[in-house]
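**Student:** next comes the sequence, and after it the predicted model I'd like to discuss.
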Amino acid sequence: MRKRPDWMLDETAFVGRENLDSAHVARYDDKEDAEATSEVELLRSLGLDSSSLVLEFGSGTGQFAVAAASVVEHVVAIDPSPPMLACLREKIAAGGLNNIDTVHGGFLTYDHARRPADIVYSRYALHHLPDAWKAIALARIRSMMKPGGILRLWDVVYDFDPAEATERFEQWCAAGGDTVGEEWSRAELAEHISDEYSTFAWLLEPMLERSGFRIEKSEQVFDGFGMRHIARAV
Ligand SMILES: C[S@@+](CC[C@H](N)C(=O)[O-])C[C@H]1O[C@@H](n2cnc3c(N)ncnc32)[C@H](O)[C@@H]1O
């Protein structure tokens, strides 16, 4: 990871406690199905093919990167968590995959030296940045893409009125399990709300537009706690 200016947010410090925990990384794929096959199919319907260069920010254990690699020319999988990257590198070695690059970096520190990307993918990662840095990250992403390229952004985003926050947060936490294991626990959901930076849809969507994207599809998932966007680079 390149040296950051002293004013820049430290992506390593904001990576999320659990993402540096090897036990969490080891059980991640049992706990979270990233729906990679259907995500790749969706992107195929939007032009993803064997000539595509794909960047993934917050690649984690690489569910999407591995699924996309069988379809595209090249995937660059970027993540600031060493154990997450190690997990993906094991999958790459086990599968003999030769078209995924893994990069230790993040939204703010990845330097793109290849041709402009056709597709940028990010799932459940942008919420690790406070809002001003989200806007900067989105502008950086746009600068790495070709005009007409697609950004698929899926994140924990709050799609309800701030006045409802107490009730909604309580409801969400109540859906969590008692123990940290193969399901998301109440403690993990509470930690997400208190320590991470999920934003409201009405803040994120203008950020996307201001960064040079046209939102083509916006979809609420998980009863107001998730948003999936398809945004085109204009
Ligand atoms: C919940 S995991 C999601 C992994 C994968 N995208 C998925 O959907 O299963 C969040 C990932 O975002 C990564 N992350 C945290 N801060 C980041 C940043 N500033 N830039 C890029 N990725 C980041 C974490 O290391 C972690 O791998």
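**Tutor:** Yes, it's here. Numbering: from 1, shown residues only.
**Student:** residues of the protein that sit close to the ligand?
**Tutor:** 11, 14-16, 19, 32, 34, 57-60, 63, 79-81, 84, 106-107, 123-125, 128-129 (CB under 6 Å from any ligand atom). Just so you know, the C-beta spots here come from the backbone N, C-alpha and C atoms, and that holds for glycine as well.
**Student:** among those residues, which are located in helices?
**Tutor:** Mapping the residues of the chain next to the ligand onto helices (DSSP state H) picks out 63, 84.
**Student:** in this structure, which spans are helices?
**Tutor:** Under the criterion DSSP H, the chain contains helices at 22-31, 36-45, 63-69, 82-95, 131-143, 165-174, 186-195, 201-210.
**Student:** rebuild those as CSV, extending it with mean pLDDT and mean neighbour count.
**Tutor:** Compiled in CSV, the helices of the chain are given as follows (pLDDT from 0 to 100; neighbours: other CB atoms under 10 Å):
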stretch, mean pLDDT, mean neighbour count
helix 22-31, 96, 15
helix 36-45, 98, 15
helix 63-69, 98, 23
helix 82-95, 98, 17
helix 131-143, 98, 18
helix 165-174, 96, 14
helix 186-195, 95, 15
helix 201-210, 98, 16
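**Student:** among the ones you listed, which is nearest residue 117?
**Tutor:** helix 131-143 (8.5 Å; CB to CB).
**Student:** can you tell me which helices and strands that closest one packs against?
**Tutor:** If contacts are counted by 3 or more CB pairs under 8 Å, 6 or more residues apart in numbering; DSSP states H and E, helix 131-143 sits against strand 53-57, helix 201-210.
**Student:** of the helices of the chain, which is nearest residue 119?
**Tutor:** Once the helices of the chain are compared by CB to CB, helix 36-45 is nearest, at 5.9 Å.
**Student:** which strands or helices does the closest one pack on?
**Tutor:** Short answer (3+ CB pairs under 8 Å, 6+ apart): helix 36-45 packs on helix 63-69, strand 117-123, strand 145-155.
**Student:** which one of those lies closest to residue 216?
**Tutor:** strand 145-155 (8.2 Å).
**Student:** quick one: buried residues of the closest one?
**Tutor:** 145, 149, 150, 151, 152, 153, 154, 155 (16 or more other CB atoms under 10 Å).
**Student:** do stretch 224-234 as well
**Tutor:** So, applying 16+ other CB under 10 Å, buried residues of stretch 224-234: 224, 225, 226, 227, 228, 229, 230, 231, 232, 233.
**Student:** okay, those in JSON lines with pLDDT and distance to residue 23 next?
**Tutor:** Below are the buried residues of stretch 224-234 laid out as JSON lines (pLDDT from 0 to 100; distance: CB to CB, whole Å):
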{"residue": "224", "pLDDT": "85", "distance to residue 23": "30"}
{"residue": "225", "pLDDT": "92", "distance to residue 23": "25"}
{"residue": "226", "pLDDT": "94", "distance to residue 23": "25"}
{"residue": "227", "pLDDT": "97", "distance to residue 23": "29"}
{"residue": "228", "pLDDT": "98", "distance to residue 23": "29"}
{"residue": "229", "pLDDT": "98", "distance to residue 23": "32"}
{"residue": "230", "pLDDT": "98", "distance to residue 23": "34"}
{"residue": "231", "pLDDT": "98", "distance to residue 23": "35"}
{"residue": "232", "pLDDT": "98", "distance to residue 23": "39"}
{"residue": "233", "pLDDT": "98", "distance to residue 23": "38"}
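**Student:** let me have these in TSV, adding distance to residue 209 as columns.
**Tutor:** TSV is the format used below for these (distance: CB to CB, whole Å):
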residue	distance to residue 209
224	21
225	22
226	20
227	14
228	17
229	11
230	13
231	8
232	11
233	12
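**Student:** those in strands, which ones?
**Tutor:** 226, 227, 228, 229, 230, 231, 232, 233 (DSSP state E).
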